[in-house]
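In: here is my input, please return the structure:
(chains A and B)
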Protein chains: 2
Amino acid sequence: MTDSEGSAPSIPTDYEIAQSAEKRHVADVVEPFGLDREDLELFGEHTAKVKLEAIERLRAEGEADGKFVLVTGMTPTPLGEGKTVTTVGLGQAFNRIGKEALIAIREPSLGPVFGVKGGAAGGGYSQVLPMEDINLHFTGDLHALTSAHNLISTMLDNHIKQGNELDVAVNWVTWPRAIDMNDRVLRETVIGLGGDVTGVPREDGFVLTAASELMAVLCLADSVKDLKERVARIIVAYDEDGEPITADDIDATGAVTILLKDALKPNVVQTVEGTPAFVHGGPFANIAHGTNSLIADEVAAHLSEYLITEAGFGSDLGAEKFMNIVCRFGEMEPDAVTLVASVRALKYHGQEMWPPDLADLDAEDVESVRKGFENLDAHVGNLRKFGVPVVVALNRFPGDTDREVEAVLEHCEDDLGVRVAESTVFGDGGEGGIDLAEELVEAAEADSTFEPLYDLDAPVKEKIETVATEIYGADGVEYHGDAEDDIRRLADLGFDDVPICMSKTFHSLSDDASLKGAPEGWTLEVKEIYPSAGAGFLVVLTADVLTLPGLPADPAAADMDIDPDGTISGLF
Amino acid sequence: MTDSEGSAPSIPTDYEIAQSAEKRHVADVVEPFGLDREDLELFGEHTAKVKLEAIERLRAEGEADGKFVLVTGMTPTPLGEGKTVTTVGLGQAFNRIGKEALIAIREPSLGPVFGVKGGAAGGGYSQVLPMEDINLHFTGDLHALTSAHNLISTMLDNHIKQGNELDVAVNWVTWPRAIDMNDRVLRETVIGLGGDVTGVPREDGFVLTAASELMAVLCLADSVKDLKERVARIIVAYDEDGEPITADDIDATGAVTILLKDALKPNVVQTVEGTPAFVHGGPFANIAHGTNSLIADEVAAHLSEYLITEAGFGSDLGAEKFMNIVCRFGEMEPDAVTLVASVRALKYHGQEMWPPDLADLDAEDVESVRKGFENLDAHVGNLRKFGVPVVVALNRFPGDTDREVEAVLEHCEDDLGVRVAESTVFGDGGEGGIDLAEELVEAAEADSTFEPLYDLDAPVKEKIETVATEIYGADGVEYHGDAEDDIRRLADLGFDDVPICMSKTFHSLSDDASLKGAPEGWTLEVKEIYPSAGAGFLVVLTADVLTLPGLPADPAAADMDIDPDGTISGLF
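Out: Numbers count the residues shown, from 1 in each chain, chains lettered A, B, ... in the order given. Sure, this is the predicted structure:
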């Protein structure tokens, strides 16, 4: 996402920086942190998976006592405001100020890579290498997930065809098929045509692999045993009496876990400055929790003084889920959180533009920046509700003027009383994040007063209302369609004492993408609630979620090329 | 395929043998053949890809002058008669008699692994390791192919949705979607439902990834440049005027080639006795040519005195295609061919059973063995037509009696005048293939008189009739449905001066699966002819081809399991 992270004419392209960076052998990169070559499964020289035996050894050696720094953001423009680049740059900056730090981020999936231009492994002098591999097949985790997902699908349809002993209701299959490709025509399909030989016809649809419940499962599992238990309890359909049918009921548990056994192992690579980076797992941040794997976080916290990790979208989505879901499951707590803001995003909120016309955001406009503060303030307020120290990271773009930047810094210090630092890690690498890193070190030294926002045994409606009013700023919640029925049914099934995973637009703090700033006087509309029993949470849908994007009129893939010598263009 | 290759109670299971085998580092395995560690991209310690730079270096160093030994078989029982196990065992045997040899075989795909019990990497003491990895994700080649295939699909449907500038005929899309899973309900589907936003509804279907034209393309390409040219010319649809629309027309060439750039590099592993084995590519042997990648063959012929490679199904399918298609494209010739026969298969033909009841084949039955000779004889005759020395390999199973075995040996020597040797490589490893290896060495020393069966510039019908009469034993050919139109259209398009790839049942030398032995007095029925323009041949369909199998009532996947410590069961 070159554009989103502040490239200037003077900075070489991401690809040029990646090509000219000297990569060390990945075993040498992680060795100072306590992993030996024997702890790694190598994929070439610059990528490895950490063996599960090594993880067991770390666990046996003692507590995971590294400090967690979470990177989140204000409500972004559609170009993104540079959360990943800040995460990568921060890791580099920590190591520059003498604090051991590791990075953990999500891994890209192929669908988006071929859709809208741009890889997803940071950018500029704060990117993760080898970015070509990371943006293509990498270590095959996404492919393993796609296969495992579709194995469940075919075993379910085969069960139906071979006599349907479990009495699966053909119109109540909840397990779609999955593909890691932006292929919109697969969203709604009819399958099983062609007569008796090919099985029972029914409506079906595909989701992007990153949206598969298996992705969430993989990112929350801490061992093969845990993975297997989570797979076993995934609900794939209901029978004619409304009783859930699980992956285990159709005998898929073992084979699915076998397909995922290698994907469970965290991937480790390096940044352009040689900081080790875990790049592992990538669930959606609406219908799932939106952060890299817990097992990568855990390993990093065993190995290093600090772990810098990133949550998807803003404080209302990824960060809320990190605090209320991930930290709960992982029995951990964030020691500090940094909120990425940008002058561009502040103007975007100040101008209340919808649909966005980003060209309008280039000119200096301090007034719009000031008007946009209400969005920033709401996000700072959200994070403070969890009792975690906050540092605002102003990701400075080359076109930002001093007057604009000053306005933000002053507002944070004087009006909000929140720590703030400029960051120029895109153009300057770790050096550009030193102020931010120092603020975060100080912030993380305070005793944590972290607490999730709601109790697990609170009624489902109360949990939803807590998030809606305290985080989104809604006046209340309305339940539409079958949502009330869903809540009753989930209570009957005993699936109500778990965290909730709110699926809401990331374009606004509200459930209306066109509302900028910090919308007031509105009611959250809940449409459906369903269990992700393998992941261990309830998904609360507030709007239609696009789980299989399409390609644009001019897809990135159309401009990609490869020379006879293997040199790639158009991928970044 | 444990059962197919003659396990006895005294032989440990494939999995036990695999577990107890001492595997060396793959770099040490190939080093004596002239590949350095820098020539390899490692996937862990026991699997590697050969870098394309290393292949260029070998090419620059001189001719690929290793001798080719092709392994084919008589018409098999549904359990298979042990071609892969013979190939692996032979490689081991050659090295035992002091002849440098490498093995090249196809790589398994996931679909069948989860369907019918059994992996596909040899068996007993003639198997390829690490068999767990090889039978699961291996180096990701199949996943790369699936992604690349479906990228073409989504770019095509996106083109149609975004205005259809090329005037694609929605009912004349010839590019299906692909999945590496036995998922029969995807054979016939309707996609693009859900209204204007999700594109244009049309009928579609999925094929197994191994049946994708991209698999054939990958297995015939000799470089990134060649791969890219082949991808570019793949026909994905026709326009309203009947003109072909290629992958290049929809701008997919670059991105597809990028997705396949690593899959192009041959994979190298080792057998239980430490013989290097290339396991690379796995096209169907009906709608495609059915042998491992040409690039693996070429590398092996550069590195070693002998290359032992295997063709799918019998002499009528894989071997015919190897001679008429693969050798032509690869500018190479087989120095000897071994025809795998078994007492079981001979009895199967002798009893003319259909549908097969294999339990009936256990008892001694020399009379049926003798009656089955006509199938063996036809295959020997087929191979002799190509001017290549033939050695019959009798893959001896533990239950075979001496009288049965003697009958076969005598028939070969006395009636056919063909070299023959018993092989017990399943139970004895390379030691069990020494006689066979010695016969093959002698046979391969003769000057080759190899020639393909037909000229490329012969009319399409003449090429089809040559294969039908000379190889299948048909009296002639009848053209049904649109086959005559297809031939005219292909001539108009200039696609007729290429090899033909005949798609016929492997259960019989004829086009009727129920006919055993060497059927006479029948006519081959040709139903459709279409171009695989990327691969560079015409596919001639003689019957409905199942390109997406389904799972059986009790799929192998249902019996697979994994322990918390990672130990797998049920995969083999």
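
In: using PDB, write out every CA atom in the lengthiest helix in chain A.
Out: The longest helix of chain A (DSSP state H) is helix A:141-161. Presented in PDB, the C-alpha positions along helix A:141-161 are these (Å, rounded to 0.1, in the frame of the first residue of the first chain):
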ATOM      1  CA  ASP A 141      -0.900 -21.500   5.200                       C
ATOM      2  CA  LEU A 142      -3.700 -20.000   3.200                       C
ATOM      3  CA  HIS A 143      -3.700 -22.900   0.800                       C
ATOM      4  CA  ALA A 144      -3.800 -25.300   3.700                       C
ATOM      5  CA  LEU A 145      -6.800 -23.500   5.100                       C
ATOM      6  CA  THR A 146      -8.600 -23.500   1.800                       C
ATOM      7  CA  SER A 147      -8.100 -27.200   1.400                       C
ATOM      8  CA  ALA A 148      -9.100 -27.900   5.000                       C
ATOM      9  CA  HIS A 149     -12.200 -25.800   4.600                       C
ATOM     10  CA  ASN A 150     -13.300 -27.400   1.400                       C
ATOM     11  CA  LEU A 151     -12.600 -30.900   2.800                       C
ATOM     12  CA  ILE A 152     -15.300 -30.200   5.400                       C
ATOM     13  CA  SER A 153     -17.600 -29.000   2.600                       C
ATOM     14  CA  THR A 154     -17.100 -32.100   0.500                       C
ATOM     15  CA  MET A 155     -17.400 -34.500   3.500                       C
ATOM     16  CA  LEU A 156     -20.700 -32.800   4.400                       C
ATOM     17  CA  ASP A 157     -22.200 -33.000   0.900                       C
ATOM     18  CA  ASN A 158     -20.900 -36.500   0.500                       C
ATOM     19  CA  HIS A 159     -22.600 -37.400   3.800                       C
ATOM     20  CA  ILE A 160     -25.900 -36.000   2.400                       C
ATOM     21  CA  LYS A 161     -25.500 -37.900  -0.800                       C
END
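
In: what segments of the stretch 401-550 of chain A are strands?
Out: A:419-423, A:476-479, A:500-503, A:523-526, A:528-532, A:537-541 (DSSP state E, counting those that start in this stretch).

In: before we move on, back to that, distance from the chain centre to the longest helix of chain A, please.
Out: Centroid displacement of helix A:141-161 relative to its chain, using C-alpha atoms, centre = their mean, to the nearest Å, is 23 Å.

In: what's the answer for stretch A:543-550, then?
Out: That offset, for stretch A:543-550, works out to 16 Å (C-alpha atoms, centre = their mean).

In: can you give me the helices in the stretch 51-200 of chain A?
Out: Counting by DSSP state H, counting those that start in this stretch, the stretch 51-200 of chain A has these helices, from start to end: A:52-61, A:83-96, A:110-115, A:131-135, A:141-161.

In: what helices and strands are in contact with the first one?
Out: When contacts are defined as 3 or more C-beta pairs under 8 Å, 6 or more residues apart in numbering or on different chains; DSSP states H and E, helix A:52-61 packs onto helix A:294-303. The C-beta positions use only the backbone N, C-alpha and C, and glycine is treated the same way.

In: close to chain B, is the helix it packs on?
Out: No. Judged by C-beta under 8 Å from any C-beta of the partner chain, helix A:294-303 stays clear of chain B, getting no closer than 14.4 Å.

In: helices or strands up against that helix?
Out: helix A:52-61, strand A:101-105, strand A:276-279, strand A:306-310, helix A:327-330.

In: among those, which is nearest B:Arg419?
Out: Each of the helices and strands packed on helix A:294-303 has some distance to B:Arg419 by C-beta to C-beta; the shortest is helix A:52-61, at 50.6 Å.

In: how does chain A divide into domains?
Out: Dividing chain A into domains by automatic domain parsing, as the record does, gives the ranges A:14-139+A:263-445, A:141-250, A:460-542.

In: distance between the ends of the shortest one?
Out: Counting by C-alpha to C-alpha, to the nearest Å, you get 15 Å between the two ends of domain A:460-542.

In: does chain B have contacts with it?
Out: No. Domain A:460-542 lies out of reach of chain B by C-beta under 8 Å from any C-beta, never closer than 16.0 Å.

In: would you confirm that A:Phe138 contacts A:Thr47?
Out: Yes. Counting by C-beta atoms under 8 Å, A:Thr47 is a contact partner of A:Phe138 at 7.3 Å.

In: how far away from the center of its chain is the lowest-mean-pLDDT helix or strand in chain A?
Out: In chain A, the helix or strand scored least confidently by mean pLDDT, DSSP states H and E is helix A:14-20, which has a mean of 87. Relative to the chain's own centre, helix A:14-20 is displaced by 25 Å; criterion: C-alpha atoms, centre = their mean.

In: is any residue of the helix or strand following that helix near chain B?
Out: Later in the chain than helix A:14-20, the nearest helix or strand by DSSP states H and E is helix A:26-30. No. If you take C-beta under 8 Å from any C-beta as the test, helix A:26-30 misses chain B, and the best it gets is 11.4 Å.

In: report the buried residues of helix A:26-30.
Out: For helix A:26-30, the buried set under the neighbour-count rule, 16 or more other C-beta atoms under 10 Å in any protein chain shown, comprises A:Val26, A:Ala27, A:Val29, A:Val30.

In: how about a markdown table for those, with distance to B:Leu524 and pLDDT added?
Out: Shown next, in a markdown table, are those (distance: C-beta to C-beta, whole Å; pLDDT from 0 to 100):
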| residue | distance to B:Leu524 | pLDDT |
| --- | --- | --- |
| A:Val26 | 57 | 97 |
| A:Ala27 | 59 | 97 |
| A:Val29 | 62 | 97 |
| A:Val30 | 62 | 97 |
